[in-house]
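[1] Build the 3D model from these lines:
(4 chains)
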4 protein chains.
Amino acid sequence: MQIGMVGLGRMGANLVRRLMHAGHDCVVFDINPDAVKELQREGATGASSLEDLVTRLDKPRAVWVMVPAGEITGKTVRDLAGHMEPDDVVIDGGNSYYQDDIARSKALSGSGIHYVDVGTSGGVWGLERGYCLMIGGPDQIVDRLRPVFEAIAPGVEVAPRTSGRDGTPAPSEHGYLHCGPAGAGHFVKMVHNGIEYGVMAAYAEGLNILKNANAGTASRQADAETAPLAQPEYYRYNIDLAEVAEVWRRGSVIGSWLLDLTAAALLRSPTLEEFSGRVSDSGEGRWTAVAAVEEGVPAPTLATALFSRLGSRDLDHFANQVLSAMRKGFGGHAERPAG
Amino acid sequence: MQIGMVGLGRMGANLVRRLMHAGHDCVVFDINPDAVKELQREGATGASSLEDLVTRLDKPRAVWVMVPAGEITGKTVRDLAGHMEPDDVVIDGGNSYYQDDIARSKALSGSGIHYVDVGTSGGVWGLERGYCLMIGGPDQIVDRLRPVFEAIAPGVEVAPRTSGRDGTPAPSEHGYLHCGPAGAGHFVKMVHNGIEYGVMAAYAEGLNILKNANAGTASRQADAETAPLAQPEYYRYNIDLAEVAEVWRRGSVIGSWLLDLTAAALLRSPTLEEFSGRVSDSGEGRWTAVAAVEEGVPAPTLATALFSRLGSRDLDHFANQVLSAMRKGFGGHAERPAG
Amino acid sequence: MQIGMVGLGRMGANLVRRLMHAGHDCVVFDINPDAVKELQREGATGASSLEDLVTRLDKPRAVWVMVPAGEITGKTVRDLAGHMEPDDVVIDGGNSYYQDDIARSKALSGSGIHYVDVGTSGGVWGLERGYCLMIGGPDQIVDRLRPVFEAIAPGVEVAPRTSGRDGTPAPSEHGYLHCGPAGAGHFVKMVHNGIEYGVMAAYAEGLNILKNANAGTASRQADAETAPLAQPEYYRYNIDLAEVAEVWRRGSVIGSWLLDLTAAALLRSPTLEEFSGRVSDSGEGRWTAVAAVEEGVPAPTLATALFSRLGSRDLDHFANQVLSAMRKGFGGHAERPAG
Amino acid sequence: MQIGMVGLGRMGANLVRRLMHAGHDCVVFDINPDAVKELQREGATGASSLEDLVTRLDKPRAVWVMVPAGEITGKTVRDLAGHMEPDDVVIDGGNSYYQDDIARSKALSGSGIHYVDVGTSGGVWGLERGYCLMIGGPDQIVDRLRPVFEAIAPGVEVAPRTSGRDGTPAPSEHGYLHCGPAGAGHFVKMVHNGIEYGVMAAYAEGLNILKNANAGTASRQADAETAPLAQPEYYRYNIDLAEVAEVWRRGSVIGSWLLDLTAAALLRSPTLEEFSGRVSDSGEGRWTAVAAVEEGVPAPTLATALFSRLGSRDLDHFANQVLSAMRKGFGGHAERPAG
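    Numbering: from 1, shown residues only, chains lettered A, B, ... in the order given. I've put the predicted structure just below:
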């Protein structure tokens, strides 16, 4: 089928490539004309504006928006809808907050334009591995777009079948899922990313413990401020982290794709010195924590993982100064210098 | 080669099966004679006692001990060593605390008997998938046992090669790794399980948030004790968890073997009502937390995951009573009944 | 001066008593006529409706609203304002979400009615100890109400002067503080309660560790599911918790009013058996966690304390079932029964 | 009575001053002769060595050791005991690990020398406020030392009596408590400090949230890496933290001595710029976490507070690098520079 794509960054462009590869007809637009030209060379139809893109599509139209979350997505959806007609569909495939989806879906409903939200996981590997799609929107519109989702999703064969499943594979087995009404796709994607934070923190903390398994070989002064390592003889291992990550890839309980990537990263760079360790968070981890709080559901592990990321950017600096000020107040403890 | 196996529970028996399948000659013993007989029928040589097992092996001997951690393992290793001779090897393949390995290795060193510790991951699936092996001990003894480890480990082909690796596959790519001297194997296995706790908690908390995505459809009373759900319209999704777990298996960032198992469990039993949610912890999660503390390395996510398990068994009951007592003290707040 | 009070629950009634005791003239209303009568007997002027209350006050009026947060406060403020005139003041002294204050302040601004939000801490002890007041609103209106705040606050003498302060005591030294514009009072109160959760959890967890200091005297089975207590000889203390809480009240670094209350509670009931340990949360702890997330500021301790409360009400039940399901999946581990 | 003091640092010297003030006879020693001379000038008897100190005391002797925990305390106790006789008492008043007390008590038992462990809280303020004493050791020896403890402890009058207590004040109401046999004093002190970490973190995190209540006034870029602050209008408060800490000192639920100190620190230095925020930990916080793990009792809040301190010293640096490496691996996310 025919589909429009707005936003030709890495993910948008790769989505177009997967769609064209599956035989779909793509009309593409980006504010950067070079990005449009590149995909034109690969077979897409280029558009010079949102309006131009809409006119180049047959009705009922379907346009996938893949631009930064927040204001930019909001404006793009509104502008696009301004050129569209009843029964056309706008698909937000970015990292939107699901509450914005609910608002946008409602705002468009009067004009008869449909709104579908798609949480898209796969990162830079999606072109090769396919993208996992979590979809929210009205039943019949999601059904109409099924060929699009099938082209983008990884497909049944990339994982062994789950024990207990038989017959025709369900859409989830292709790698896409209609999760519920407006916002449901981004809600599930949000929780997916919240889990991602927790899983990543688990590996990162564990590897840090292994890296410091030689703590007993370093000399450590005894003073009133720091407890001596009681039994240094138990912490004298020099562990090869790249090899450990590799061995866990086969047969272990904690095998995962994130571990595969970690094994490759540690092989290239055993000390990871090219990374400063200031870790961004792109919204979904925060939203997941807020959702847990609002639902009244404990998520201590996920929240702790989020807060560790914030701490990696020194956002706890003042809190730590307060601790030092208290310690000086009650105990006269001076701070110890770094190193 | 020839190898003895002491302890024919699920894991010990399956190790024997993998060893025999690879052409090794196994002499087996268990305090339960039926377990011995079953493996005899499958081709193993049965022994009637530890001493009998030792006498049935050619020198230098290698005996794998696969019995419950702690006292039982300690006693078995001591008893076994009492029948062995210099250059023989005892392998502890159970879930021992690595500090016990250091002690046992030292205790045996006078007699010339070697000690090798092996952390074994794979669970009930190891027979089919192979076991991931993390090994501690002296270089030449670990080298001598290489055919044993290769037979037990999953093998190179079960995972795609890590980008950047070439030439002859390293042992880690077979699924076994010599991590360092005595205790190093169980140290790495300990951290592996600590990570496992964190990864599991991440999935569990995330799925719980999804399950409660319909919190806004339940009616909730407003009173001085409980904040009303400010915007119930944002929590009105009924999410099919089995389908979500399934869709995440393909293309998503959080794909893993634990997720595969979760997808199967939720398919069989969407509400998991056969589980009470009292979650055991088998030691390594605790030891990992202690190691982090002793090394002085933050592990807030892993520790939180551990404490959530302890909390699942109501080990925070008195702490919660203290909170209620304080709230009554300062605010006159009565506890609200369950439900 | 003259002041109206709407809502004569425990806190509202005690505020009236402190105000009358300081010589102020109170006009009071509650939907429960008995509550009105009781305060009339103590010297207040009773009103039969919001409208009646407004008519009994001289202009410019000041009415303190002390009713449950959320919808009820919102409606009361709106109804009240419907009877008021420009330059009158509505004071919300309850546990409102500060974002609601911002909305209400804005909604009233067109009518010339002022809005002041007051976070009030002190619980059932406020009549005796005075209430700590955190205030948001326009400068000159907060100034106008100064006599009211002085009457309600504890007063300078209840705490020794902070080192470095001299001259005329600041309002904060009386126990009330104008924190900023609309919502600032409830924002500071919100964080106050967030801190309260953390402080309470610290005491509760610590006392639980002391209570279990005899863990080594209980017999504990060794099996594959549970690690044995490695050194039971280190956990054989029977600690008298009421005495410990008492001794910490004098000279220790952790002395506090919450500890004072805990000492009294443990004296009355050493095992706290009258409490089930299901701990409510009244909103501010959740809002604090959300504020931390939205500001991007780590609050792992406060969030963990909140989630422990949620866990005390079994809101992590499904998450724990998921953990059990995974453990059965990879390890064949059956759940161990309670007890 | 007569008592020896070994170690005349700030705490040891102030203990001597409180003892002399109460009329006790003190014989003092320190490796620094100036410290001895200073207390001689104030009325103490100086000693030139441990042996000299012992000979200057009447039998049965009591010597309080107040030197850095760990090796130094262990050696001092051993050396001292070498000069002592049956029925003499060594008191360890430092921050020893309670398991070391159990070992030392056992080591001395053969020689008939008694061992008493005392956890001492009060910091630099103890001279003025008195010290809270948590004591472990044999009943009759602790009884014998009662005059010493009474002189050091704050005394009954420094806190209002707990509701429900009457008659002669218990020792705990004087500010000292015999908690149990050897090690019990330091066990309770350990948990005291664990709680201290949690309480301090609660204040520190809360104040950090208040400090960042103006997050909505800063401009923040929207990009794929960082979620925009959805509603900046809710984070536009400039809160005066010194005033907030002050107001909480009167009437609020979270009043405490740590808050008093914080109020003074923020008054002196509103931005605390003289502190770098690298927070030491002196052992007891770690030991408390380990005790919780070994008892199998959840302490997520206390452990999180500990790990935040470790994180303040960048001990999570490698873990954060791992996170960045993973994010680059799956999403091509480059780290964002500081600032």
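[2] all contacts plus neighbour counts: C-alpha atoms, from now on.
    Fine.
[3] tell me which residues of the helix or strand hosting residue A:72 are tucked away?
    When secondary structure is defined by DSSP states H and E, residue A:72 falls within helix A:71-83. Residues of helix A:71-83 classed as buried: A:73, A:74, A:76, A:77, A:78, A:80, A:81 (neighbour count, 16 or more other C-alpha atoms under 10 Å in any protein chain shown).
[4] tell me the average confidence for stretch A:129-146?
    Within the predicted structure, the mean pLDDT of stretch A:129-146 is 98.
[5] Check whether it comes into contact with chain B.
    Yes. Part of stretch A:129-146 sits near chain B under the criterion C-alpha under 8 Å from any C-alpha of the partner chain, namely A:129, A:130, A:131, A:132, A:133, A:134.
[6] could you pick out which of those are near chain C?
    Near chain C, by the rule C-alpha under 8 Å from any C-alpha, you find none of those.
[7] Would you reformat these as JSON lines and include neighbour count, distance to residue C:195 and secondary structure?
    Formatted as JSON lines, the entries for these read as follows, by neighbours: other C-alpha atoms under 10 Å in any protein chain shown; distance: C-alpha to C-alpha, whole Å; DSSP: H, G, I helix; E, B strand; the rest coil:
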{"residue": "A:129", "neighbour count": "18", "distance to residue C:195": "46", "secondary structure": "helix"}
{"residue": "A:130", "neighbour count": "27", "distance to residue C:195": "46", "secondary structure": "coil"}
{"residue": "A:131", "neighbour count": "33", "distance to residue C:195": "42", "secondary structure": "coil"}
{"residue": "A:132", "neighbour count": "31", "distance to residue C:195": "40", "secondary structure": "strand"}
{"residue": "A:133", "neighbour count": "34", "distance to residue C:195": "40", "secondary structure": "strand"}
{"residue": "A:134", "neighbour count": "31", "distance to residue C:195": "38", "secondary structure": "strand"}
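[8] Tell me the one of these nearest chain C?
    For these, the closest approach to chain C (C-alpha to the nearest C-alpha) belongs to residue A:134, at 21.3 Å.
[9] What's opposite the closest one in the beta bridge?
    For residue A:134, the beta-bridge partners under DSSP bridges are residue A:119, residue A:177.
[10] Is it correct that it is in contact with residue A:120?
    Yes. Shown here, residue A:134 and residue A:120 form a contact pair, counting by C-alpha atoms under 8 Å, at 6.6 Å.
[11] returning to that earlier point: of all the buried residues of helix A:71-83, which comes closest to residue A:20?
    Nearest to residue A:20 among the buried residues of helix A:71-83 is residue A:80, at 22.4 Å by C-alpha to C-alpha.
[12] which residues does the closest one contact?
    For residue A:80, the residues meeting the contact criterion (C-alpha atoms under 8 Å, 6 or more residues apart in numbering or on different chains) are A:50, A:51, A:54, A:90.
[13] Which strand or helix spans residue A:322?
    With elements taken from DSSP H and E, the one containing residue A:322 is helix A:317-331.
[14] let me redo that: residue A:40
    Assigned by DSSP H and E, residue A:40 belongs to helix A:33-41.
[15] contacting residues around that helix?
    Outside of helix A:33-41, the residues within contact range by C-alpha under 8 Å, 6+ apart are A:8, A:9, A:13, A:28, A:29, A:30, A:45, A:46, A:47, A:48.
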